[in-house]
Each structure stands twice: as structure tokens, then as C-alpha cells.
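Asker: I would like to see how this sequence folds:
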Amino acid sequence: MVDANSDCTLVAVCAGPAVKPFRYPCFEKRAEARVLSAHGGTVSAVRFSADGGYIVSAGDDQAIMVFETKQKKESP
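Answerer: Here you go, the predicted structure:
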């Protein structure tokens, strides 16, 4: 499962029991990513919030995790 934030500058990927956000576009093979680990099982879904300020993931461990990003857009 993969999701992108609203302006497509950040992509989140499910990677086993972790979520890995990458800057997009990524031109490097095996680019480093921050690893967001909190699940006790495989991550089955990942989504960005509408404002890009959060990544929400759901896992086979029946948990929902919320991670804050630095991409949050301020409301006018």
C-alpha cells in the first residue's frame, strides 16, 4: 500500500511492521527513509490526512497509529 500527500511531495509506503515516508520524486536507488515503527504486525494500510500533517496506518495487529509529519499546511 502506498499513499501520497496532497501536493505529491511525500509518499508513505507500508514496509512490514513499519511505515516509510519518502520525499517524492526520489531519484536515488535505495534512498534512505525515516522508519516509523509502532505496529506489532504487518502494516496493511497507510493514508495521509487531508492537510498532510499526519500519516495514519492500520495493521494486522488491529491497531491504528497516527504519525505527525512536518508537512502540515496552515489554514488561511
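Asker: And the pLDDT at the most centrally placed residue in the chain?
Answerer: Here the mean C-alpha position of the chain is nearest to the C-alpha of A12 (C-alpha atoms, centre = their mean), at a distance of 3.4 Å. For A12, the model assigns a pLDDT of 86.
Asker: give me the beta-bridge partners of it?
Answerer: Beta-bridge pairing for A12 (DSSP bridges): D3, P21.
Asker: which ones are touching it?
Answerer: With contact set as C-beta atoms under 8 Å, 6 or more residues apart in numbering, A12 has these partners: V2, D3, A4, V19, K20, P21, F22, V46, R47, F48, I55, S57. C-beta here means a position set from N, CA and C on the backbone, and glycine is covered the same way.
Asker: Let me have these in TSV, extended by distance to S37 and neighbour count.
Answerer: What follows is these, written out as TSV (distance: C-beta to C-beta, whole Å; neighbours: other C-beta atoms under 10 Å):
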residue	distance to S37	neighbour count
V2	18	9
D3	18	18
A4	21	15
V19	8	27
K20	10	19
P21	12	21
F22	16	17
V46	13	24
R47	18	15
F48	18	20
I55	13	22
S57	10	23
